[in-house]
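Participant: Give me a 3D structure for the following:
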Amino acid sequence: MSATLTFWDRNPPYAAVALARLANVPVAATPDPKATKETIPTLSVSGETFTGTMILKYIARASAQRDELYGGSDAVAACQVDQWLDQAGAITPAALEAQAAALNDYLQLRTFLVGYSLTLADVAVWGALQASPLWNKVRGSGKVPHLARWFAFCAEVPQIRAATEELAALGGKKPGAGGAPAGGAGDKKGGDKGAAAAGDKKGGAGADAAGAGAAAAAAASGGDAGGSFDIGLPGAEEGKVVTRFPPEPSGYLHIGHAKAALLNQYFADMYKGKLLVRFDDTNPSKEKDEFVENIMKDIADLGLRYERLTYTSDYFPQLLQLGELMIRAGLMYADDTPVEAMREQRGRGEESACRGRSVEENLKIWEEMQAGSEVGLANAMRFKIDMKSVNGTMRDPVAFRCNLTHHWRTGTKYKLYPTYDCACPFVDAIEGVTHALRTSEYRDREEQYYWILAAYQKVWPGGLPHVHIWDYSRLNFVNTVLSKRKLTWFVDTGRVDGWADPRMPTVQGILRRGLRIEALKEFILSQGASRNVTFQEWDKIWTINKKLIDPVCPRHTAVETEGKVLLTLEDGPAPPEVVTVPRHLKYPPAGKKAVTRARTLWLEQVDAAAISQGEEVTLMSWGNAIITAVTRDAATGAVTGLAGRLNLAGDVKKTKLKLTWLAAVPECETVELCLQDFDYLITKKKVEEDDNFMDLVNPVTKFEKAALGDPNMRCLQKGDVIQLERKGYYIVDEPYDGVKGAGKPMVLFAIPDGRTKNMTKPGAAAPAASS
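Facilitator: Residues are numbered from 1 along each chain as shown. All right, here's what the predicted structure looks like:
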């Protein structure tokens, strides 16, 4: 029976084609000419279609060599193969180094992943690595010799090599390429060739967040759904590129800043160059040491590898010298026009009456401004560019202003500060920055940047080097504001509990909410270097996060306190018995947990209400029971009690309801929990310029529910991620403290799963009992 495998030619399913050739299963690999980066590999056979790991499973099961591909007739080996299939689908660029290290350790004394011969597990993991744009860099680091040895062996298996050559002819990577060339830039002079080295010219880098599900499905079938970095920096030369990340210390970093930081890191690495981190501390009215400390924490969490850390304030003496040189060259003038009147004049393209001041008069006022005198405070120093320009940013922007506020770093030494537009071109040039990356919203300011830089190059002794501006799209999210002014308002008005509040789109806020840093990196890299401005849905990044946490996070049990119902089992164990079960059935390293079984159990009201008298149900981690009586409140209809008996011989596959429960006995020392969930801070998906922001502020964004947790949760630490079975994923924000926390519940934050929004709003229904 012939099958057809269609795919995007830039995203070839290596594992699927290699497996088909190895298993001697007829599969026609056919690129789809209409495919896009959102397209996932799809296998069509007899009118049915399969994606993801199901492609590999179908091919293996259709083969006469099925047993060999699953490690023989051993059921344990077959389960191990299935586990490796899941892990192959979870290989992502952001987590590749850690995943490769774990694989390397595993393969230290092994030739194959399962058993003593090549299996489906080896093909699946090999295909995921072959598709990864960063694999060759990791392989060439020398840190994973055992994994590199195993990969080379797999790549040279004749059928696998033939499959790689077949796909290369269709547009994929050449045999053994395994992603981008180690080290990055392929063309010494940069341009498109240099950019192609960030990933294959037809490959791109990262998993495509335009469909995180597409990324997972592609990886599972041995492909890679990648955002595109298929573009080069102008004038880039390998080993000479210097980028910079210049945060202003007036708030914490948000997710948009994270994109800027990681893109600058990416291009520095791509061209084997350097990344600088520079605090743009030119506005003492907004800056605090607290912000510097927390930005440095965010930079560490993002894993930035920078050459050196500097501050714009390091260059204040040179900037003041530069200001005087610009005045003497007739390229700056002092203006005492009131701020609002100046704004109106600029809007009309009307010259200020001060524009004709002499150099001598401007220099005299310059001295007054440096002294912070009354005359100095009344003036601003402006560039003399072109008040008639159609580009409003060229209409004599302000270069220096007086500010008597204490500077967090220099104190009261300076009374005169450069604007960002004034300082940035000079500091970029003096620090040797070759490429200044900016979001496309500042595109109008590029002309201004280049004019100012050119003017500095003329007046500064010895001149200054050129700097290339390269813009990329700003990262926007629905129902989210990234304006630092608006985020500051949320903090200052007490609508959130600080910059690290889990409702904030700051790096610290989203990490505290339960986002893994690997998921953040994966999402940002998946955006590629696109200049298209879009509004992203949050579900994309949370879907990537779920893919990372679900395979490893321990499982625990919680029962909501309000309305909980007692189930009495007539033949339940008395005294109670304690059994040990895995904390994660498919991930043994998660360890084990103790479960107390007793004659009386707590169930949630929503589960109790779903049970009919005489119905057989499954008590999770125990077995079946038959409910013999249901007692309800006559007035409200709420269930007030249940009675039943065990039927442990019953078939758990035939019951409709699978119920979570906790033993209702003193021996089961449950933990009090406060389950918290959150809504968006604003109610509108996309904020327009003419919107009244106050009308969009969500009045209620935090929701709490009291619950009881299983005793094993006492050992959880702050930051631990777990799954509360049948409720969702949670991160521990305040752990159990038996000494200080008497009467104080553990606090857990709900982690969005990328699919459904299970808000713990007061009165909201919990998920129905599993069927």
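Participant: what number of residues lie near residue 166?
Facilitator: 16 (other CB atoms under 10 Å). Quick note: C-beta positions are derived from backbone N, CA and C, even for glycine.
Participant: Renumber starting at 302 from here on
Facilitator: Got it, first residue is 302 now, which makes that one residue 467.
Participant: roughly how far apart are it and residue 313?
Facilitator: Distance, residue 467 to residue 313, using CB to CB, to the nearest Å: 9 Å.
Participant: Check the contact lists of the two and give me the overlap.
Facilitator: residue 330 (CB atoms under 8 Å, 6 or more residues apart in numbering).
Participant: Who are the contact partners of the closest residue to residue 779 other than its chain neighbours?
Facilitator: Distances taken as CB to CB, 6 or more residues apart in numbering place residue 986 nearest to residue 779, at 4.2 Å, with adjacent residues excluded. For residue 986, the contact set (CB under 8 Å, 6+ apart) comprises 779-780, 836.
Participant: roughly how far apart are residue 986 and residue 885?
Facilitator: 36 Å.
Participant: swap in residue 931?
Facilitator: In this view, residue 931 and residue 885 are 33 Å apart by CB to CB.
Participant: same deal with residue 727?
Facilitator: 55 Å.
Participant: May I have the phi/psi pair for residue 1016?
Facilitator: phi -90, psi 0 (degrees, to the nearest 10).
Participant: Could you do the one 10 residues further on as well?
Facilitator: Dihedral angles phi and psi of residue 1026 (degrees, to the nearest 10) take the values phi -60, psi 130.
Participant: related to what we said a few turns ago, list buried residues within the contacts of residue 986.
Facilitator: residue 780 (16 or more other CB atoms under 10 Å).
Participant: out of the contacts of residue 986, which one sits closest to residue 657?
Facilitator: The closest of the contacts of residue 986 to residue 657 turns out to be residue 836 (CB to CB; 46.8 Å).
Participant: in the protein, which helix or strand is least confident?
Facilitator: Ranking every helix and strand in the chain by mean pLDDT, DSSP states H and E puts helix 492-497 at the bottom, with a mean of 32.
Participant: now the helices for the stretch 902-1051 of the chain?
Facilitator: For the stretch 902-1051 of the chain, applying DSSP state H, counting those that start in this stretch gives helices covering 906-910, 994-997.
Participant: most neighbours per residue, which of those?
Facilitator: Stretch with highest mean neighbour count among the helices of the stretch 902-1051 of the chain: helix 906-910 (a mean of 21; mean count of other CB atoms under 10 Å).
Participant: With only the CA atoms kept, save it in PDB.
Facilitator: Provided in PDB are the C-alpha atoms of helix 906-910 (Å, rounded to 0.1, in the frame of the first residue of the first chain):
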ATOM      1  CA  GLN A 906     -18.600  19.100  44.500                       C
ATOM      2  CA  VAL A 907     -18.500  19.300  40.700                       C
ATOM      3  CA  ASP A 908     -17.400  15.600  40.600                       C
ATOM      4  CA  ALA A 909     -20.000  14.500  43.100                       C
ATOM      5  CA  ALA A 910     -22.700  16.200  41.200                       C
END
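Participant: For it, what is the distance to the chain centroid?
Facilitator: For helix 906-910, the separation from the chain centroid amounts to 36 Å (computed by CA atoms, centre = their mean, to the nearest Å).
Participant: Stretch 407-414 now?
Facilitator: On the basis of CA atoms, centre = their mean, stretch 407-414 is displaced by 31 Å from the centre of the chain it belongs to.
Participant: end-to-end on it?
Facilitator: 8 Å (CA to CA, to the nearest Å).
Participant: Can you mark which positions in that stretch are buried?
Facilitator: 408, 413-414.
Participant: Could you pull out the buried residues of stretch 743-760?
Facilitator: 746-750, 752-754, 756-758, 760.
Participant: and which of the residues you listed is nearest residue 381?
Facilitator: Using CB to CB, residue 747 comes nearest to residue 381 of the buried residues of stretch 743-760, at 55.7 Å.
Participant: list the contacts for that closest one?
Facilitator: Contacts of residue 747 (CB under 8 Å, 6+ apart): 739, 770, 772.
Participant: What is the burial count for residue 1013?
Facilitator: Residues near residue 1013, counting by other CB under 10 Å, number 19.
Participant: ok, it to residue 554 distance?
Facilitator: Distance from residue 1013 to residue 554, by CB to CB: 35 Å.
Participant: what's the answer for residue 725, then?
Facilitator: Using CB to CB, residue 725 is found at 18 Å from residue 554.
Participant: What of residue 433?
Facilitator: Distance from residue 433 to residue 554, by CB to CB: 27 Å.
Participant: Which one's more surrounded, those two?
Facilitator: Neighbour count, other CB under 10 Å: between residue 433 and residue 554, residue 433 has more, with 29 against 24.
Participant: Show the backbone phi and psi for the more buried one.
Facilitator: phi -70, psi 130.
Participant: right, and it touches residue 395 too?
Facilitator: No: shown here, residue 433 and residue 395 do not form a contact pair, counting by CB atoms under 8 Å, at 10.8 Å.
Participant: Please parse the protein into its domains.
Facilitator: Domain assignment of the chain by automatic domain parsing yields the ranges 304-521, 865-964.
Participant: tell me the phi and psi of the closest residue to residue 619 other than its chain neighbours?
Facilitator: Spatial nearest neighbour of residue 619, excluding adjacent residues (CB to CB, 6+ apart): residue 731 at 7.0 Å. Dihedral angles of residue 731 (phi, psi; degrees, to the nearest 10) stand at phi -70, psi -30.
Participant: On the pLDDT front, check residue 731 for me.
Facilitator: In the prediction, the pLDDT value recorded for residue 731 is 98.
Participant: Does it touch residue 620 like I think?
Facilitator: No: between residue 731 and residue 620 there is no contact under CB under 8 Å: 9.7 Å.
Participant: Among those two, which residue is more densely surrounded?
Facilitator: Each of residue 731 and residue 620 has its neighbours counted (other CB under 10 Å); residue 620 has more, 23 against 18.
Participant: That one: helix or strand, and which one exactly?
Facilitator: Using DSSP states H and E, residue 620 sits in helix 617-629.
Participant: Show me which positions of that helix end up buried.
Facilitator: Buried residues in helix 617-629, counting neighbours by 16+ other CB under 10 Å, are found at 617, 620-621, 623-628.
Participant: returning to what we had before: looking at residue 727 and residue 885, which is more packed in?
Facilitator: Remark: of residue 727 and residue 885, residue 727 carries more neighbours, 22 against 19, as counted by other CB under 10 Å.
Participant: Please tell me how far the closest residue in space to the more buried one that isn't next to it in sequence sits from residue 724.
Facilitator: Closest residue in space to residue 727, ignoring its immediate chain neighbours: residue 757 at 5.4 Å, by CB to CB, 6+ apart. Distance, residue 757 to residue 724, using CB to CB: 11 Å.
Participant: related to what we said a few turns ago, mind giving me TSV with the domains of the chain and columns for distance to residue 802?
Facilitator: Shown next, in TSV, are these (distance: least, CB to CB, whole Å):
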stretch	distance to residue 802
domain 304-521	24
domain 865-964	29
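Participant: Which of those domains sits closest to residue 602?
Facilitator: That would be domain 304-521 among these, by CB to CB, at 12.9 Å.
Participant: Report the distance from that closest one to the chain centre.
Facilitator: With CA atoms, centre = their mean as the basis, domain 304-521 stands 23 Å off its chain's centre.
Participant: likewise stretch 778-796?
Facilitator: Distance, stretch centre to chain centre, for stretch 778-796: 20 Å (CA atoms, centre = their mean).
Participant: Ok, stretch 944-963 next?
Facilitator: 40 Å.
Participant: Return the set of buried residues in it.
Facilitator: Within stretch 944-963, the residues scored as buried using 16+ other CB under 10 Å are 945, 947-948, 951, 956, 958-963.
Participant: Could you tell me the end-to-end distance of that stretch?
Facilitator: OK, stretch 944-963 end separation, CA to CA: 15 Å.
Participant: Over to stretch 338-349?
Facilitator: 23 Å.
Participant: Just the buried residues of that stretch, please?
Facilitator: Neighbour-count burial for stretch 338-349, counted by 16+ other CB under 10 Å, picks out 338, 340-344, 346.
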